[in-house]
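> sequence unknown, structure follows:
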Ligand SMILES: [Zn+2]
């Protein structure tokens, strides 16, 4: 027998060889750990301890007579892995071993022997993942009829070249995020951020006193303007002014109502452009207003008591600081910051351009 012949012999009638199976030898020899785990299951079935010793001996005999290959033995264990009752499992294993023929035959005929487990249909949902290289994945799960209709729409008028990028552009046009061929915007409008001007309180006094020509102000869209340009602006429609104090953070304006007003929401958004929980990627624009000290416990709707938290972290935040569990958001010198259940303050560095960082460098 040549070398390939002996390799094939090992794979096609492995049931005797499996008696001396040793996972560590295979791992040391460089085999894939996933494959070794599969083989451990096969070895355990045919040579491990069991109450069903007669069935086990019978299984080895049948595997030998139907010349089950290693891949078929692995497949059989996978096929019956969800069966809980050990006696039923043995009966199904013996039935599958008795099927003569190649891998595809075993696969096809096993469908009649081991019925597929009915999994509940997935719920329709849309999910968004983490950005990488300024790209971000979106996953949509929905009834196949809807998905087929979307695919059909996206596949219309495909030109030469890969379909994926063309379907992406088509989808963006359908959502109204690209001008249509006839330049008619349709569908949802693209989100247009309304930039805030960030003005330290002292600078504001300087500018209002008429001495602000040299003062450079930052905007939340990443641009700057001088104090003179600021005064020349027609405020209200496009630009809004946000005032920040170096120690207190955004300046308080209202405190007597439970729900934050738009101005407070904007200030909270500017203070921390993401949910403050470390590594959370949710933008403040998609977050909920959170009272750091709960309104029901006397917490006011003051800027120093507000933070923008994503839906999930707003619900899991520890509202009672004396019972640390998931961690909680606190106000640290004007900036919402997450304190771990063990008491460590950990900033979220996903987006480093919050107002207090831009204005005061922290
Ligand atoms: Zn979050």
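Yes, it's here. In this text the structure is predicted, and so the values were computed from the model without any measurement.
> Need the contact partners of the helix or strand hosting residue 338.
In this assignment (DSSP states H and E), residue 338 forms part of strand 335-339. Contact with strand 335-339 is made by 249, 268, 271-272, 276-278, 292, 307-308, 327-331, 345-348, 354, 356-357, 362, as judged by Cβ atoms under 8 Å, 6 or more residues apart in numbering. Bear in mind the C-beta positions are built from the backbone N, C-alpha and C, glycine included.
> So which of these reach the ion?
Restricting the contacts of strand 335-339 to those touching the ion (Cβ under 5 Å from the ion) yields residue 277.
> Among the contacts of strand 335-339, name the ones in strands.
249, 307, 308, 328, 329, 330, 331, 345, 346 (DSSP state E).
> Around the residue nearest to residue 51 when sequence neighbours are not counted, count how many other residues there are.
Spatial nearest neighbour of residue 51, chain neighbours left out: residue 86 (7.4 Å); criterion: Cβ to Cβ, 6 or more residues apart in numbering. Number of residues near residue 86 (other Cβ atoms under 10 Å) recorded here: 12.
> In the chain, spot the helix with the most residues.
Of all segments of type helix in the chain, defined using DSSP state H, the longest is helix 33-47.
> So which elements touch whichever helix or strand comes after it?
Using DSSP H and E, the helix or strand that follows helix 33-47 in sequence is helix 53-65. The contact analysis (3 or more Cβ pairs under 8 Å, 6 or more residues apart in numbering; DSSP states H and E) places helix 53-65 against helix 33-47, helix 86-97.
> Excluding chain neighbours, what is closest to the residue nearest in space to the middle of the chain?
Most central in the chain under Cα atoms, centre = their mean is residue 129, positioned 4.4 Å from the mean C-alpha point. In this structure, residue 129 finds its nearest non-sequential neighbour in residue 137, 4.1 Å apart by Cβ to Cβ, 6+ apart.
> How many residues are close by the one you found?
Counted by other Cβ under 10 Å, the residues lying close to residue 137 total 10.
> mind listing the strands in the stretch 101-250 of the chain by residue range?
Using DSSP state E, counting those that start in this stretch, the strands of the stretch 101-250 of the chain run over 125-128, 138-141, 196-200, 216-219, 224-226, 240-245, 249-250.
> roughly how far out does the fourth one sit from the chain middle?
Right, the one you point to is strand 216-219. 34 Å (Cα atoms, centre = their mean, to the nearest Å).
> How about residues contacting stretch 23-34?
In this structure, residues lying in contact with stretch 23-34 by Cβ under 8 Å, 6+ apart are 35, 36, 39, 40.
> nope, stretch 108-124 is what I was after
75-76, 79-80, 82-83, 92, 95-96, 99, 141-143, 146.
> Can you point out the buried residues in that stretch?
Buried positions in stretch 108-124, judged by neighbour count with 16 or more other Cβ atoms under 10 Å: 110, 114.
> Endpoints of it, how far apart?
31 Å (Cα to Cα, to the nearest Å).
> quick check: mean pLDDT across it?
Averaged across stretch 108-124, pLDDT comes to 84.
> Next: stretch 301-314.
For stretch 301-314, the mean pLDDT works out to 89.
> First-to-last residue distance for stretch 146-166?
Span of stretch 146-166 from end to end, Cα to Cα: 20 Å.
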